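> give me a model of this one.
(one chain, ligands or ions: 1)
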Amino acid sequence: MRAIIPVAGVGTRLRPHTYTLPKVLLNVAGKPILAHILDALIRQDISKCTIVTGYMGKLVQEYVLANYKIDITFVPQRESLGLGHAIWTARETFDDEPLMIILGDTIFDADLTFSKKAKTSTIGVKEVEDPRRFGVVLLDNKGMIKKFVEKPEQPTSNLAIVGIYYISNPMLLKSCLEHLINNDIRTREEYQLTDALQLMLERGEKFNTFNVEGWYDCGKPETLLATNRYLLEKSSKPRKFKNAVIIPPVFIADDAIIRRSVVGPFATVASGAVVEDSLVRDSIISDGARVSSSLLKKSIIGNNAIVKGHFNKFNVGNSSEINYQ
Ligand code: UTP
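Numbers count the residues shown, from 1 in each chain. Sure, this is the predicted structure:
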């Protein structure tokens, strides 16, 4: 089976980090988002992959080629015209063999082995409180999808499409995407994958769903940090330092340096980063960053960035109160 991973988007919600790195290369729990996705695919025996690149695509390609030996084809999406357009761009790399489409900003913890036996296309879904930000599916009384709707203003279902799609009939998907593009059918100005799936449904394709409980969005600072917390909880990599206290779960790279500090819980300190005289929790300190004399929480410090705080000097009398809140 082939996986298609679209990673061409600009990642505006993660600026300023995405001014210098594509979103998929941002570090979460010790490695780039894309590495979490590719490692999960390899664990599930999916060894052929198409990556649709765009914004800073060269950096994505360089990273993948330097770190992965699986069969990967890179396809450039020249303009960010939507997810449907990104998948359409990859059309030459798919044939009759089923596809797994996985969005580049979603880390998942789901068993994909169902696909080995699946008789129909199957869409990963999760119940969410506010479905208006997502594509949603409506089910019939047999649990099969009867309608796909992209970002409904008045949702009639709270089953959100989470970014994992098993497509058993790629050629039909291709012709439905082609229909959208040839007829310039857009929703919210973009060619939507959800609209192509709806068209597939109308042309007779059957769609099942599978529940994805483990779905970790990396699209915004707060969700990236939540994903960092979740991944560290599952797999912590602490180290010992003579003059620092490490509170797991954390990820501390082998060549990171921690001095006179308290790091953790839920801190990622990436390769070459230095933390000194600081307290850092619930944060991501990226490659080569330097943090000194600082109290940090819920922070994302980019590659090679410098955060330098200061110590306070007080001369405070009896019964005085200093409160920064
Ligand atoms: P998003 O909707 O999250 O867009 O795309 P984005 O650009 O990554 O982020 P924001 O909204 O500007 O903050 C979901 C996935 O689809 C890919 C993105 O790279 C991401 O992995 N995508 C989206 C494309 O490959 N091409 C597109 O035209 C749109």
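> I'd like to know how many residues surround the nearest residue to residue 25 once chain neighbours are set aside.
Excluding the flanking residues, the one nearest residue 25 by Cβ to Cβ, 6 or more residues apart in numbering is residue 32, at 4.6 Å. In this view, the C-beta of every residue, glycine as well, is placed from N, C-alpha and C. When neighbours are defined as other Cβ atoms under 10 Å, residue 32 has 22 of them.
> isn't residue 32 right up against residue 24?
Yes. Contact criterion Cβ atoms under 8 Å: residue 32 and residue 24 qualify, at 6.3 Å.
> who's in contact with the residue nearest to residue 25?
The contact partners of residue 32, by Cβ atoms under 8 Å, 6 or more residues apart in numbering, come to 24-26, 63.
> in the residues you listed, find the pair that's most separated.
Taking Cβ to Cβ as the measure, the contacts of residue 32 span a maximum distance of 11.5 Å, between 26 and 63.
> quick one: which of the two has more around it?
residue 26 (22 against 17).
> about what we covered before: which of the contacts of residue 32 sits closest to the ligand?
Minimum distance to the ligand across the contacts of residue 32 is 6.8 Å, recorded for residue 24 (Cβ to the nearest ligand atom).
> residues near the closest one, how many?
31.
> which residue packs closest to it, ignoring adjacent ones?
Leaving aside its chain neighbours, residue 24 sits nearest to residue 34 (3.9 Å; criterion: Cβ to Cβ, 6+ apart).
> up against the ligand, what does this protein have?
The chain comes close to the ligand at residues 6-13, 23, 52, 54, 77, 80-83, 85-86, 103-105, 219, as judged by Cβ under 6 Å from any ligand atom.
> are any of those residues buried, and if so which?
Buried by 16 or more other Cβ atoms under 10 Å: 6-9, 11, 23, 52, 54, 77, 81-83, 85-86, 103-105, 219, out of these.
> helices - which of these land there?
Filtering these for membership in helices, criterion DSSP state H, returns 83, 85-86.
> coming back round to it: and the residue nearest to residue 25, bridged to which residues?
Here residue 32 sits in beta bridges with residue 27, as judged by DSSP bridges.
> got the phi/psi numbers for the residue of the stretch 1-150 of the chain found nearest the ligand?
Per Cβ to the nearest ligand atom, residue 9 is where the stretch 1-150 of the chain lies closest to the ligand, at 2.2 Å. As for residue 9, its main-chain torsions (degrees, to the nearest 10) stand at phi -70, psi 160.
> just confirm it contacts residue 53, I think it does.
No. The criterion here is Cβ under 8 Å, and residue 9 misses it with residue 53 at 10.4 Å.
> using PDB, write out every CA atom in the helix or strand harbouring residue 40.
Applying DSSP states H and E as the criterion places residue 40 in helix 33-43. Extracted in PDB, the C-alpha atoms of helix 33-43 (Å, rounded to 0.1, in the frame of the first residue of the first chain):
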ATOM      1  CA  ILE A  33       6.500  15.800  13.200                       C
ATOM      2  CA  LEU A  34       7.100  14.100   9.900                       C
ATOM      3  CA  ALA A  35       9.500  11.600  11.500                       C
ATOM      4  CA  HIS A  36       6.700  10.600  13.900                       C
ATOM      5  CA  ILE A  37       4.400  10.000  10.900                       C
ATOM      6  CA  LEU A  38       7.000   8.100   8.800                       C
ATOM      7  CA  ASP A  39       8.100   5.900  11.700                       C
ATOM      8  CA  ALA A  40       4.500   5.000  12.400                       C
ATOM      9  CA  LEU A  41       3.900   4.100   8.800                       C
ATOM     10  CA  ILE A  42       7.100   2.000   8.700                       C
ATOM     11  CA  ARG A  43       6.000   0.200  11.900                       C
END
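> what's it in contact with?
3, 5, 7, 23-26, 28-29, 31, 47, 49, 60, 63-64, 67-68, 70, 100, 102, 104-109, 218, 231.
> next: stretch 265-277.
By Cβ under 8 Å, 6+ apart, the residues outside stretch 265-277 that reach it are 27-30, 228-229, 232-233, 244, 247-261, 263, 280-293, 311.
> can you flag the buried ones in the residues you listed?
Buried, going by 16+ other Cβ under 10 Å: 27-30, 228-229, 232, 244, 248-253, 256-258, 261, 263, 280-292, out of those.
> perfect, I'm done here.
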